[in-house]
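Undergrad: Please find the sequence and the predicted model below.
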Amino acid sequence: MPFRALNIILAALALLGPFSIHLFFPVIPVIKADFALSDALAQLTFSIGVFGMAFSTLAYGAFADRYGRRPVLLVGLLLFLAGSVLSAFAFSFTGLLIGRILQSIGAGSGITLARAIARDVYGAEGLVKSIAYLTMFFALGALVAPGFGGFLIDQAGWRSVFYFASTIGFLIALGSYFVVPETGKRATAGGGMSGLAGFIALLRYPRFCALVVHTGCSTGTFLIVATASSSLMKEALHRSATEFGLYFAMVPFGFVTGTIISSRVGNRASVERMILIGACIAVAAVSIQSGLLLSGHFTPLVLFLPGTFITLAQGISLPFAQSGAMATIPRLAGTAAGIGVFSQNFLGAGFAQIYGLLADGSPYPMMVMTAATATLGMISAIIPSLLSRSRPQPS
């Protein structure tokens with residue numbers, strides 16, 4: 001197996017999420033004006049993509065465990081390409097929503113199956129480090145996507161964002177077809193565990209549930225800050241899409257730093273300790289941002305600098321939460337990865353959409369929602385620590 005080429009493709013697959021989510025941030029206020037949408041409907045064009053990605057990951061994980069990684073991955077990549085093309089040529093709000101749904105369903109195959117393939121290739125021992133590196137490439141995509149998307153919008157209009165996503169999707173699909181082998185063991189017709197049974201088996205573990213909920217709360221905090229900043233920068237601070245992208249670049253930098261820390265720590269620290277550290281950083285960042293906003297300091301740096309520490313917390317805690325969840329029942333690693341990505345995206349999009357319903361052009365709804373998600377993230381980080389003291393870890 002050509003490991004170098006495979007690693008490049010796995011890294012590229014990890015970029016699909018940012019190109020479905022982060023590339024769209026600067027598009028939100030533009031399509032709001034173009035289609036004359038309310039704040040809630042404009043937010044829906046973003047949230048519907050994350051919801052689509054969330055639900056699709058459940059299917060990808062279960063199907064990959066049963067039918068193999070490669071065929072499921074290729075189908076997902078074709079859906080991403082089709083959705084990107086449809087969005088680029090959408091001339092109505094409904095058409096754009098349909099395109100976004102297809103694009104996000106396809107994007108769900110990327111990070112879910114990249115994690116499952118990494119576990120197949122590198123084993124449970126190297127999983128934390130593998131996920132950390134995949135997450136780092138996810139963050140690099142997030143680092144580049146908003147700024148590049150804002151530049152494309154200012155130069156060629158919002159449709160150019162989807163032309164670019166279509167090109168990227170085609171190249172990743174082509175590379176995956178030629179490079180990615182089948183790494184999983186397909187379940188036999190009479191053996192293995194059905195998708196529903198696998199879900200139930202995993203959800204019986206409270207520790208597993210707490211770990212995947214934590215990823216959703218952590219992601220929700222980030223998405224609220226990111227989507228709120230996009231609208232506030234344009235409508236309240238009157239800054240351009242390009243300027244939003246440049247300021248936003250500092251936010252994924254925190255994520256990259258956090259994943260570097262996670263990869264360096266590896267298996268030398270427990271899952272429970274690392275997600276608790278991440279939760280504490282997130283609570284501190286949200287508290288400082290709210291304090292500054294309440295004292296009248298409403299500037300781009302107050303929006304984005306605390307966001308950098310929110311993503312630092314994500315980069316530290318997410319690889320450990322995800323690897324801990326996937327290790328719950330090793331033979332269901334693909335299903336566990338699917339549930340983990342589902343929880344991360346579904347809860348994150350849900351919290352972001354609630355913010356969209358509350359948005360009033362001021363930073364106060366953002367402050368309320370980030371306080372809620374950071375608090376829930378702290379609670380879900382404490383639960384695994386309490387469980388580890390009262391009972392043995394599942395094997």
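TA: Noted; the coordinates are in hand.
Undergrad: Quick one: neighbours of Ser38, just the number.
TA: 12 (other CB atoms under 10 Å). For every residue, glycine as well, the C-beta is placed using N, CA and C.
Undergrad: Ramachandran angles for it?
TA: Dihedral angles phi and psi of Ser38 (degrees, to the nearest 10) take the values phi -80, psi 170.
Undergrad: mind checking pLDDT for Ala210?
TA: On pLDDT, Ala210 comes in at 93.
Undergrad: what does Ile277 give?
TA: At Ile277, pLDDT is 94.
Undergrad: same deal with the one 5 residues further on?
TA: Looking at Ala282, its pLDDT is 95.
Undergrad: what's the answer for Val302, then?
TA: Reported pLDDT for Val302: 91.
Undergrad: What's the local residue count around it?
TA: Val302, neighbours per other CB under 10 Å, totals 20.
Undergrad: Name the nearest residue to it, ignoring sequence neighbours.
TA: Ranked by CB to CB, 6 or more residues apart in numbering and with sequence neighbours excluded, the top spatial neighbour of Val302 is Leu292, at 4.8 Å.
Undergrad: The one you found in helix, strand or coil?
TA: helix (DSSP: H, G, I helix; E, B strand; the rest coil).
Undergrad: Report the separation between it and Ala226.
TA: Relative to Ala226, Leu292 is positioned 18 Å away (CB to CB, to the nearest Å).
Undergrad: who has more neighbours, the two?
TA: Comparing Leu292 with Ala226 by other CB under 10 Å, the one with more neighbours is Ala226, at 25 against 18.
Undergrad: Show me what the host helix or strand of that one is packed against.
TA: Using DSSP states H and E, the element containing Ala226 is helix 206-235. Applying 3 or more CB pairs under 8 Å, 6 or more residues apart in numbering; DSSP states H and E, one finds that helix 206-235 contacts helix 28-34, helix 39-67, helix 241-248, helix 250-265, helix 271-294, helix 300-326, helix 333-358, helix 364-390.
Undergrad: at 6 Å instead, please
TA: In terms of contacts (3 or more CB pairs under 6 Å, 6 or more residues apart in numbering; DSSP states H and E), helix 206-235 is packed against helix 28-34, helix 300-326, helix 333-358, helix 364-390.
Undergrad: Could you save those as JSON lines and add columns showing distance to Arg69?
TA: Below are the helices and strands packed on helix 206-235 laid out as JSON lines (distance: least, CB to CB, whole Å):
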{"stretch": "helix 28-34", "distance to Arg69": "33"}
{"stretch": "helix 300-326", "distance to Arg69": "14"}
{"stretch": "helix 333-358", "distance to Arg69": "8"}
{"stretch": "helix 364-390", "distance to Arg69": "28"}
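Undergrad: among these, which is nearest Ile117?
TA: Closest to Ile117 of these is helix 333-358 (CB to CB; 9.3 Å).
Undergrad: who does the closest one touch, helix- and strand-wise?
TA: helix 39-67, helix 93-122, helix 206-235, helix 300-326, helix 364-390.
Undergrad: buried stuff in the helix holding Ala226?
TA: 207-234 (16 or more other CB atoms under 10 Å).
Undergrad: next one: stretch 236-243
TA: Arg239, Ala241, Thr242, Glu243.
Undergrad: so which of those comes closest to Ala88?
TA: Ala241 (17.5 Å).
Undergrad: For the closest one, give me the pLDDT.
TA: Confidence score, pLDDT, at Ala241: 73.
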